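*Asks:* sharing a model that was predicted from the sequence below.
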Amino acid sequence: MRMTLNILMLFFVAAPALAQDLTVKAPAQDKPLTIIGGTVHTVSGGTIEDGTVVVADGIILFVGETDAARDFVKSMEGVDEWTVVDAAGRHVYPGLIGANTVMGLIEIGAVRATRDYAEVGSITPEVRAAVSVNPDSTVIPVTRLNGVLTCGVFPAGGSIPGRAGVIRMDGWTWEDLSIDGAAGLIVNWPNMRVSGRWWSTKSFDEQRKEIEKNIRAIDEAFDLAGAYLDAKGADDSLPVDLRWEAMRDALRDGGRVFVRAQELDQIEAVIAWGMKRELDIVIVGGRDAPLAATLLAQHGVGVIYTGTHRMPKRRDSDYDVIYSGPAALEAAGVSWCLATTGGSFQTPHERNLPYHAASAVRHGLAHDAAVRAITLGAAEMLGVDDRLGSIEAGKSATLIVTDGSPLEVTTTVELALIDGRVIDLSSKQTVLAEKYREKYRQLGLIED
């Protein structure tokens, strides 16, 4: 019995190691790089048919027509060695951005020990999701293989679960991965409706009281944080409270507040609440955002629309109400981006992000608008559009070279750069694919 238990213990200790990314992290860019002759989709400045991108020290130095690029390269003095990528017949896009994820915070949804996206307690603004990201998650290489090179990571649980982070998809430590360790405060807005469904165990009055209690808890947290910051401003010798210090950016410095809300009445309540407190609000979820599009556009409230691959909420909804949501937001002039559901309790599937965008294109959204929704639009919602999301001089050289539109399932990402570093595009799946190709080669069923 003792020997059996020891063997089982060794199995469980070793099991997490089997789920680790074994690829080597990319070294810093050591010499300038040019991507020549491809179709460059800048997102912010149109498409260049015969374009060239020049990169040095992780930054885009030049983007434009190839003829003009030759003159630019000649003007660079003291450069003796270049890395040249022939992109003729290929497409160059900014790296895709998953705006709402639990990337690196969960490995296997069914295994509790791999879920690290929620802290104990309901009001925990001091939590930073980026700190908990596992840089060796096996999900990371699978995701970047499909062109998603940047992710927003959002904690879950409670009323104020913490602060979102923005990470790059390659690095030895969470510090290496971190682009913005505190991109904004997260608030989980309570459901505003009472339910009479058969599974509901509480009366309407009890449900109303619970809704009021949950909203009051959020308000009290913001009031206490405001009072603390006022007192701290008047007397800096007062003890530091990490909870309320974590809300300083949102309350005093114009920082972003991401509020999870799906229903129309939730969204309307959040807009009113944000106006009252003069907060920079971004709705995360937004299933009913098209119904509130005029209100959202009027008050400049952004939306992270969490996925087109989900079911309509109401029985009388059109079958394509979710698919057509992005087109409705775009037509109304709302600031928005597209994400996946990014939910907790499940392994992240951010590799499918471009296909959510493709579904939106099939239901009325322009192709270029869909690409923008998962690149520059996502960067804007996360507050990193000064560095990411488009191919522009001065921005990070985080981009992909493909053989077609990234929205097509048949498209292959042939090259990926993160801050100018050439990224290893192998993953557990590619290794397994080659393993079984070799099997069938040995059986004589396929040729090399």
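*Replies:* Sure, I can see it. Residues are numbered from 1 along each chain as shown.
*Asks:* for D136, give me its contacts.
*Replies:* 20-21 (C-beta atoms under 8 Å, 6 or more residues apart in numbering). (C-beta placed from N, C-alpha, C; glycine too.)
*Asks:* now do the end-to-end distance for stretch 99-108.
*Replies:* Criterion C-alpha to C-alpha, to the nearest Å; first-to-last residue distance in stretch 99-108 is 20 Å.
*Asks:* how close does D80 get to P32?
*Replies:* 10 Å (C-beta to C-beta, to the nearest Å).
*Asks:* with neighbour numbers in mind, choose between the two.
*Replies:* Between D80 and P32, P32 has the larger neighbour count (other C-beta atoms under 10 Å), namely 18 against 5.
*Asks:* quick one, what contacts the more buried one?
*Replies:* Contact analysis of P32 by C-beta under 8 Å, 6+ apart lists 54-56, 61, 76, 79, 82-83.
*Asks:* quick one, what contacts T341?
*Replies:* Counted by C-beta under 8 Å, 6+ apart, T341 has contacts 100, 306-307, 309-310.
*Asks:* list the helices and strands the lengthiest helix in the chain packs on?
*Replies:* The longest helix of the chain (DSSP state H) is helix 204-234. If you count contacts as 3 or more C-beta pairs under 8 Å, 6 or more residues apart in numbering; DSSP states H and E, helix 204-234 packs onto helix 242-245, helix 248-252.
*Asks:* pick the most buried one from those helices.
*Replies:* Greatest average neighbour count among the helices and strands packed on helix 204-234 goes to helix 248-252 (a mean of 18), per mean count of other C-beta atoms under 10 Å.
*Asks:* show me what it is packed against.
*Replies:* Under the contact definition 3+ C-beta pairs under 8 Å, 6+ apart, helix 248-252 sits against strand 178-188, helix 204-234.
*Asks:* most neighbours, which of the contacts of P32?
*Replies:* Neighbour counts for the contacts of P32 peak at V55, which has 25 neighbours (criterion: other C-beta under 10 Å).
*Asks:* and what about that one, helix, strand or coil?
*Replies:* Classification of V55 by DSSP: H, G, I helix; E, B strand; the rest coil places it in strand.
*Asks:* buried ones in stretch 66-83, by neighbour count?
*Replies:* By neighbour count on 16 or more other C-beta atoms under 10 Å, the buried set for stretch 66-83 is 66, 69, 72-73.
*Asks:* before we move on, what about stretch 171-188?
*Replies:* By neighbour count on 16+ other C-beta under 10 Å, the buried set for stretch 171-188 is 171, 174, 177-188.
*Asks:* looks like G342 contacts V102 (just checking).
*Replies:* Yes. With contact defined as C-beta atoms under 8 Å, G342 and V102 form a contacting pair (6.3 Å).
*Asks:* overlap of the contact sets of these two?
*Replies:* With C-beta under 8 Å, 6+ apart, G342 and V102 have common neighbours 154, 348.
*Asks:* what strand or helix carries A272?
*Replies:* Assessed by DSSP states H and E, A272 sits inside helix 264-277.
*Asks:* need the helices for the stretch 251-400 of the chain, in chain order.
*Replies:* Using DSSP state H, counting those that start in this stretch, the helices of the stretch 251-400 of the chain run over 264-277, 293-298, 325-331, 353-362, 367-373, 376-382.
*Asks:* what about the shortest one, average pLDDT?
*Replies:* Same thing as helix 293-298. For helix 293-298, mean pLDDT rounds to 97.
*Asks:* show residues contacting it.
*Replies:* Contacts of helix 293-298 from elsewhere in the structure, counted by C-beta under 8 Å, 6+ apart, are 267-268, 271, 283, 289, 301-303, 328-329, 331-335.
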